[in-house]
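Engineer: prediction below, plus the sequence it came from.
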Protein chains: 2
Amino acid sequence: MRRPRDTARPACHNRHEMETQPKRLRADAERNRQRLVDAATELFRERGLEVGVGEIAERAGVGRGTLFRNFPSKDALVIAVVVERIRESIERGRALLSEEDPSSAVFALIDEAIERQAEDRALFEALAGDWIAHPEIRAAHDDMLAVLEQILDRAQAAGSIRADVSAVDVMLAIKGVCEVQRLFPGLPRDIGRRQLELVKAGLTPGGEFVPLSGEAPQCADLDCAMARRAGAEPAELTLAEAGRATA
Amino acid sequence: MRRPRDTARPACHNRHEMETQPKRLRADAERNRQRLVDAATELFRERGLEVGVGEIAERAGVGRGTLFRNFPSKDALVIAVVVERIRESIERGRALLSEEDPSSAVFALIDEAIERQAEDRALFEALAGDWIAHPEIRAAHDDMLAVLEQILDRAQAAGSIRADVSAVDVMLAIKGVCEVQRLFPGLPRDIGRRQLELVKAGLTPGGEFVPLSGEAPQCADLDCAMARRAGAEPAELTLAEAGRATA
DNA sequence: AATTAAACGGACCCTTCGGTCCGCTTGGTG
DNA sequence: CACCAAGCGGACCGAAGGGTCCGTTTAATT
């Protein structure tokens, strides 16, 4: 998934997918493949899908060649990792279908979607931007949307969500909150929660006024968030500036 | 603004900034500088801040060397272009301060912010992500926030916006809507408008129910959006798939 | 017109990143 | 145990992007 234009190479990998044992890997190969998936899952979650294949192979303790023998391209590895994560989310959503109160089920679903995406950059990035165009991710995403739609229908029937929004509306609202959290990683959790409450206020049919939680964020909070994000690694720079010798 | 770690080079360019005529450029130099700014403004607006310096120089009709003589780095060019755009937005905001109805002023400001960012990727990207950490952009952003705060205060005093949100809350909500529009460039304008109306519904103190405009988007609309975005260039692929020969 | 320093521009360098190749190693089997 | 193909890994490749250099051109001045 390079930015500009991918070569139109079909990359028709793993041809017999649904067979029980496509190829019967050697023991060490199987182990390395798993290590790669684990390493990629972890790195993608922490730092997004942009982490390089070199780093993934390194963390997995294998060479880059091994990575590309197990996965025809970096994209394939991303898909493998990410579809798994989406399926997990769908399962969590399905569990909420048995929730008694339709209203709390929707809100729980929204909360959880945001929570999961906030703590897993891979999940978030896969569900937005260019990646969602991939057929496999797209399919998983549609499944997820279907679950949301079921839960939403029940909540709308019960009158706890305004009737004129669709599942797509809600999903886009969720994406908005997620994006803001991603744009300002250092932002206090409270502020993200307020965002979410604002969205919920927009989704409910109206009536009673539910005050937002916590304190209203000020400009200083943004400064703080900025500093915290910057503080991750270029601390050297500020330190160097602090100890100004000749300059 | 490369992703990983910038070299700590201070790049102390254009030292006397506020002087009337810092250097008195030669006529052709002045002309080329302007051409570069124009080209960059245009390209950044259309395709974001990731466009390469080569393409900018090409569109400006000059060599790459000329670009780097006028601007010490690509970042400097970006800053020059983008701060200008932000200042323009601030002026538009200030104009709304003289609006009689405080309520319509806030909503007009929000509408306009989203509209401007939707049609200018440079403006949007500069106001989010890593770029906002740049001092110059940061300063302009804070100015803009100050204007929003003034308008918001008046609207809150008039009771047309819930009293427990701050300017930062509103700004983050705007960013959320902008992000969604950016993630799905092919999404029909209507759907973005619904998003915005949902946010407005969340911001108002509650009471009367304002139905959303247009039709509720369905899964098919997402497909459509996807296709429209993808349709920009890899149409060959879908066509190739359509005309399946051996497979 | 002559002079000169500013400006030009594209060849060149460096780094990053996805992906390939091929000689060496090793797990599994007869 | 011996064999050998599957597997391994790192050297290598090409593309892309930001930034630099230097021989040549040209605007301004006298």
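Structural biologist: Now that the structure is in, tell me what you want to look at. Numbers count the residues shown, from 1 in each chain, chains lettered A, B, ... in the order given.
Engineer: so what pLDDT did A:R15 get?
Structural biologist: For A:R15, the pLDDT comes out at 36.
Engineer: same question, A:R24
Structural biologist: 78.
Engineer: over to A:T20?
Structural biologist: At A:T20, the pLDDT recorded in the model is 46.
Engineer: identify the residues contacting A:I137.
Structural biologist: A:79, A:82-83, A:86, A:126-127, A:131 (CB atoms under 8 Å, 6 or more residues apart in numbering or on different chains). For glycine as for every other residue, the C-beta is placed from the backbone atoms N, C-alpha and C.
Engineer: which of those residues lies closest to DNA strand C?
Structural biologist: A:I79 (11.5 Å; CB to the nearest atom of the strand).
Engineer: hang on, isn't that closest one packed against A:E136?
Structural biologist: Yes: counting by CB atoms under 8 Å, A:I79 touches A:E136, with 5.2 Å between them.
Engineer: that older thread, who wins on neighbours among the contacts of A:I137?
Structural biologist: Tallying neighbours with other CB atoms under 10 Å in any protein chain shown puts A:A126 at the head of the contacts of A:I137, with 29 neighbours.
Engineer: so for that one, what's the nearest residue that isn't a sequence neighbour?
Structural biologist: The shortest distance from A:A126 to any non-neighbouring residue, by CB to CB, 6 or more residues apart in numbering or on different chains, is to A:V82 (4.1 Å).
Engineer: the one you found contacts A:R121, doesn't it?
Structural biologist: No: with contact defined as CB under 8 Å, A:V82 does not count as touching A:R121 (10.6 Å).
Engineer: okay, and the common contacts of those two?
Structural biologist: With contacts taken as CB under 8 Å, 6+ apart, A:V82 and A:R121 have A:44, A:49 as neighbours in common.
Engineer: which secondary structure element of chain A has the lowest mean pLDDT?
Structural biologist: Sorting the helices and strands of chain A by mean pLDDT, DSSP states H and E puts helix A:235-242 at the bottom, at a mean of 37.
Engineer: pull out the buried residues from stretch A:203-223.
Structural biologist: For stretch A:203-223, burial by neighbour count (16 or more other CB atoms under 10 Å in any protein chain shown) applies to A:203-204, A:206, A:212, A:216-217, A:219, A:221-222.
Engineer: what would the residues you listed look like in TSV with secondary structure?
Structural biologist: As requested, these are arranged in TSV below (DSSP: H, G, I helix; E, B strand; the rest coil):
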residue	secondary structure
A:L203	helix
A:T204	coil
A:G206	coil
A:L212	coil
A:A216	coil
A:P217	coil
A:C219	helix
A:D221	helix
A:L222	helix
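Engineer: return the closest of these with respect to DNA strand C.
Structural biologist: A:L222 (27.8 Å).
Engineer: now do the contacts for that closest one.
Structural biologist: Residues near A:L222 by CB under 8 Å, 6+ apart: A:184, A:187, B:168.
Engineer: the last one: how many residues sit nearby?
Structural biologist: This means B:V168. The burial count for B:V168: 22, using other CB under 10 Å.
Engineer: can you check the second one too?
Structural biologist: A total of 23 residues lie near A:L187 under the criterion other CB under 10 Å.
Engineer: could you do A:I191 as well?
Structural biologist: A:I191 is flanked by 24 other residues according to other CB under 10 Å.
Engineer: hmm, it is touching A:P217, no?
Structural biologist: Yes: at 4.7 Å, A:I191 counts as touching A:P217 under the criterion of CB under 8 Å.
Engineer: shared neighbours, those two?
Structural biologist: Shared contacts of A:I191 and A:P217 (CB under 8 Å, 6+ apart): B:168-169, B:172.
Engineer: from these, which is closest to B:G93?
Structural biologist: B:V168 (15.6 Å; CB to CB).
Engineer: where does that closest one fall, secondary structure wise?
Structural biologist: Using DSSP states H and E, B:V168 sits within helix B:167-183.
Engineer: show me what that helix is packed up against.
Structural biologist: Applying 3 or more CB pairs under 8 Å, 6 or more residues apart in numbering or on different chains; DSSP states H and E, one finds that helix B:167-183 contacts helix A:167-183, helix A:189-203, helix A:219-230, helix B:102-118, helix B:121-126, helix B:135-157, helix B:189-203.
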